[in-house]
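Novice: Fold the following.
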Amino acid sequence: MDLHFGDSKPTDEERAAVDALLGPPESSWEGADRSDADLRWARGGREARDRRDLLLPGLHAVNDRVGWISEGALAYLCRRLTVPPAEAYGVATFYALFSVRPRPSTVLHVCTDLACTAAGAGELCAGVESRLGPGSGVAVERSPCLGLCERAPAALAMRAGDPVRTAVSAPATVEAAVLAATAPDSAPEEPAAAAAVPQAGDPALTLLRRVGVVDPSSLDDYRAHGGYTALRRAFELGPAGVIREVTDSGLVGRGGAAFPTGRKWQATASQPDRPHHLVCNADESEPGTFKDRVVMEGDPYALVEAMTVAGYATGAHRGYLYLRGEYPRAVHRMQHAVDQARTRGFLGEDVLGQGYAFDIEIRRGAGAYICGEETALFNSIEGYRGEPRSKPPFPVEKGLFGKPTVENNVETLVNVLPILTMGAPAYAAIGTGGSTGPKLFCVSGSVDRPGVYELPFGATLGELLQLAGVRRRLRAVLLGGAAGGFVRPDELDIPLTFEGTRAAGTTLGSGVVMAFDDTVPLPRLLLRIAEFFRDESCGQCVPCRVGTVRQEEALHRIVERTGAAAADDIALLREVGRAMRDASICGLGQTAWNAVESAVDRLGAYE
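Specialist: Numbering: from 1, shown residues only. You can find the predicted model right below:
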């Protein structure tokens, strides 16, 4: 891609897609017809910088309408936003869902990650590729986790147009996946979100009690089942009171880092620099994770209310919901909920007549695991490559757009609602002293009843797997997803708490529990984990960029060799793993060796 705009022109369809987002161009500098405007003035300075964050939505607009992003479309978008084309090209090529090369208008993404691999994704891919060859009008792409692990194997079809059409096939057969790709409007409707919650309807549930009970499209139904009680309680307490309740509850982040939520909120609220921002991280891309998707699809207004409470407590007047591009139904449900809440006065300039202004903007991700890291997510929203930033400064000081920012994931935020309705002491009484409250676990793999389970912290791994129903002879359990670690079948008494898993030499992570029986080839799973980290590394730092490649190469050699040669490669893996863990900028490189290390040391994977 040239550093300059070049001579490429957008098609009428590409121009219409950009103009639908940004409005018609106001001058020839921005691409207007010279008969209507001239080149004597251009947007610039602060006004141009303020529009940079529309780059990712602009790329989505073109990709959704046409199916790929041509040089002419990119050049036109760059003119409209005053973004250097070379930078925009770097952004467009960063994400897996975009293409800068011509491809068919329909793309079928077939998941080949851990749960789907164990469920026969290899055979599914081979069958689909043989049916949808050249000339079919469908591009078949092998994809990382689609967040449909409870219905593995999974496929997602996206057909460009106005509007873009999507269809999910899960559990997928060759025939069902081909139908989703060739006739998305005729594909069977997805099962309700409650189908992913084996406990649905249980009155003892806290976070999932409305999933399968309320109509996710109805604000009135949500309110009839206790909705917006927490927000009214927040207005009674005031911002400081809300933060005190969250702090006293002992709530910690549910994304894996387990940082105290009250401390994060207090640190953001106390910053004198304004404005403050709130970001909800709904880009759950960890293989095996799908709990946030289920909450957004089954109880979307709960997240809208929770984000409003968090914004009120931290002094933010705008919240950004960064949602996975692979979750079309969740995007639709959340957009509908935001629109309805705004129409009914639960969002906007005067929320519930309390004089507090707050609104939510939904931003779609485009297929990048690294954007689950908070600072990479900020860069993505701002219109840059989703690469992590060095810390300090920390987000509570300088986060999104350089302003104090609080970032939490979906599960963390929805925990705030029961804290306010039942009170901090009652909430803290759930679970253990070090890990309070209920926790959502994503159970998949070799179990009879995969899905999202809600249990209090302190339940054991064995109790959770008993609920899910383990099939046949258990070989291993992966805790925490690709960035987590394996445990043996004789270690099922591990308490599912942050401190309990640490004491056992593993990690709870975001709550992924993947069970594998003795029919699953463990070396192939480890190789898939290595491939995942190699593909998802942003490449910014050398330890991760090089280390993830060397890790995959060594695992390939180990599969083919034995004896002293294999021992040498295992020693190399340890050295590379330590280097990644000690020197990588962010958690991706720091955890890329965890699962392989645990498989070698705990499971004897290559003995």
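Novice: next structured bit after the helix or strand where R578 lies?
Specialist: In this structure, R578 sits in helix 563-583 according to DSSP states H and E. Using DSSP H and E, the helix or strand that follows helix 563-583 towards the C-terminus is helix 587-591.
Novice: Return the distance of that next one from the chain's centre.
Specialist: 16 Å (C-alpha atoms, centre = their mean, to the nearest Å).
Novice: which secondary structure elements does that helix contact?
Specialist: helix 542-560, helix 563-583 (3 or more C-beta pairs under 8 Å, 6 or more residues apart in numbering; DSSP states H and E). (C-beta placed from N, C-alpha, C; glycine too.)
Novice: helices or strands up against the last one?
Specialist: Contact partners of helix 563-583 among helices and strands, from 3+ C-beta pairs under 8 Å, 6+ apart: helix 542-560, helix 587-591, helix 594-601.
Novice: Compare these and give me the one nearest S285.
Specialist: With C-beta to C-beta, the closest approach to S285 among these belongs to helix 587-591: 10.6 Å.
Novice: So what touches the closest one?
Specialist: Helix 587-591 has contacts (C-beta atoms under 8 Å, 6 or more residues apart in numbering) with 256-257, 369-370, 373, 483-484, 533, 536-538, 541, 543-544, 547-548, 580-581, 583-584.
Novice: Can you select the buried ones from those residues in PyMOL?
Specialist: Only the buried entries of the contacts of helix 587-591 go into this PyMOL selection, using 16 or more other C-beta atoms under 10 Å:
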select buried, resi 256+369+370+373+483+484+533+536+537+538+541+543+544+547+548+580+581+584
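Novice: Who are the packing partners of the host helix or strand of D339?
Specialist: Under the criterion of DSSP H and E, D339 resides in helix 328-343. When contacts are defined as 3+ C-beta pairs under 8 Å, 6+ apart, helix 328-343 packs onto strand 165-169, helix 219-224, helix 291-298, helix 300-314, strand 316-323, strand 359-364.
Novice: Repeat the analysis, applying 10 Å as the threshold.
Specialist: strand 165-169, helix 219-224, strand 276-282, helix 291-298, helix 300-314, strand 316-323, strand 359-364 (3 or more C-beta pairs under 10 Å, 6 or more residues apart in numbering; DSSP states H and E).
Novice: Quick one: the strands in this protein, in order.
Specialist: 106-111, 138-143, 155-159, 165-169, 276-282, 316-323, 359-364, 405-409, 438-445, 451-456, 474-479, 485-487, 512-517 (DSSP state E).
Novice: now the ones you listed in CSV, with mean pLDDT and distance to E349?
Specialist: Converted to CSV, those look like this (pLDDT from 0 to 100; distance: least, C-beta to C-beta, whole Å):
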stretch, mean pLDDT, distance to E349
strand 106-111, 97, 40
strand 138-143, 95, 41
strand 155-159, 97, 36
strand 165-169, 97, 34
strand 276-282, 98, 17
strand 316-323, 98, 10
strand 359-364, 98, 8
strand 405-409, 97, 22
strand 438-445, 97, 34
strand 451-456, 97, 36
strand 474-479, 94, 45
strand 485-487, 95, 48
strand 512-517, 95, 40
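Novice: So which of those strands is nearest L219?
Specialist: Short answer: strand 359-364, nearest of the strands of the chain by C-beta to C-beta, at 14.2 Å.
Novice: Just give me how far the closest one sits from the chain centre.
Specialist: When distances are taken as C-alpha atoms, centre = their mean, strand 359-364 is centred 14 Å away from the chain's centroid.
Novice: Please apply the same query to stretch 132-152.
Specialist: 18 Å.
Novice: In that stretch, which of the residues would be classed as buried?
Specialist: 132, 138-141, 143-152.
Novice: with these in mind, which one is nearest to N379?
Specialist: Once C-beta to C-beta is applied, the member of the buried residues of stretch 132-152 that ends up nearest N379 is P144, at 20.1 Å.
Novice: Just confirm that closest one contacts R324, I think it does.
Specialist: No. Using C-beta atoms under 10 Å as the test, P144 is too far from R324 to be in contact (11.2 Å).
Novice: which residues are in contact with both of these two?
Specialist: Counting by C-beta atoms under 10 Å, 6 or more residues apart in numbering, the contacts common to P144 and R324 are 285, 367-368.
Novice: so of the residues you listed, which ones are in helices?
Specialist: Within the shared contacts of P144 and R324, no residue falls in helices by DSSP state H.
Novice: Out of these, who's the most crowded?
Specialist: Highest neighbour count within these: A368, with 25 neighbours (other C-beta atoms under 10 Å).
Novice: Quick check: phi and psi at it.
Specialist: Per-residue torsions, A368: phi -150, psi 110 (degrees, to the nearest 10).
Novice: Who are the contact partners of it?
Specialist: A368 touches 94-97, 144, 283, 285, 324-325, 376-377, 380, 385-387, 536, 538, counting by C-beta under 10 Å, 6+ apart.
Novice: if you set the cut-off to 7 Å instead, what comes out?
Specialist: By C-beta atoms under 7 Å, 6 or more residues apart in numbering, the residues touching A368 are 94-96, 386.
Novice: Next: R488.
Specialist: 476, 602-603.
Novice: of all these, which comes closest to T507?
Specialist: R602 (12.8 Å).
Novice: That closest one against P489, yeah?
Specialist: No. Look at R602 against P489 with C-beta atoms under 7 Å: they stay out of range, at 10.9 Å.
Novice: Burial check on A32, number of neighbours?
Specialist: With other C-beta under 10 Å as criterion, A32 counts 16.
Novice: which one is it nearest to, not counting chain neighbours?
Specialist: Closest residue in space to A32, ignoring its immediate chain neighbours: P25 at 4.0 Å, by C-beta to C-beta, 6 or more residues apart in numbering.
Novice: The one you found and E463, how far apart?
Specialist: Per C-beta to C-beta, to the nearest Å, P25 is found 61 Å from E463.
Novice: More neighbours: those two, which one.
Specialist: Looking at P25 and E463 with other C-beta under 10 Å, you find the greater number of neighbours at P25, namely 19 against 15.
Novice: Does E499 touch G431 like I think?
Specialist: No. Counting by C-beta under 7 Å, E499 does not reach G431; the two are 11.0 Å apart.
Novice: Show residues contacting stretch 442-453.
Specialist: Under C-beta under 7 Å, 6+ apart, the answer for stretch 442-453 is 115, 118, 149-150, 152, 196-199, 208, 288-291, 294, 440-441, 464-465, 467-472, 511-517, 520.
Novice: List only buried entries from these.
Specialist: 115, 118, 149-150, 152, 196-199, 208, 288-291, 294, 440-441, 464-465, 467-468, 470, 511-517, 520.
Novice: Of the helices and strands packed on helix 587-591, which stretch is the most buried?
Specialist: Of all those, helix 542-560 carries the top mean neighbour count, a mean of 19, counting by mean count of other C-beta atoms under 10 Å.
Novice: From the contact counts, what lies against that helix?
Specialist: helix 522-536, helix 563-583, helix 587-591 (3 or more C-beta pairs under 7 Å, 6 or more residues apart in numbering; DSSP states H and E).
Novice: export the ones you listed to a markdown table and tack on distance to H109 and mean pLDDT?
Specialist: Below are those laid out as a markdown table (distance: least, C-beta to C-beta, whole Å; pLDDT from 0 to 100):
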| stretch | distance to H109 | mean pLDDT |
| --- | --- | --- |
| helix 522-536 | 14 | 93 |
| helix 563-583 | 28 | 88 |
| helix 587-591 | 21 | 94 |
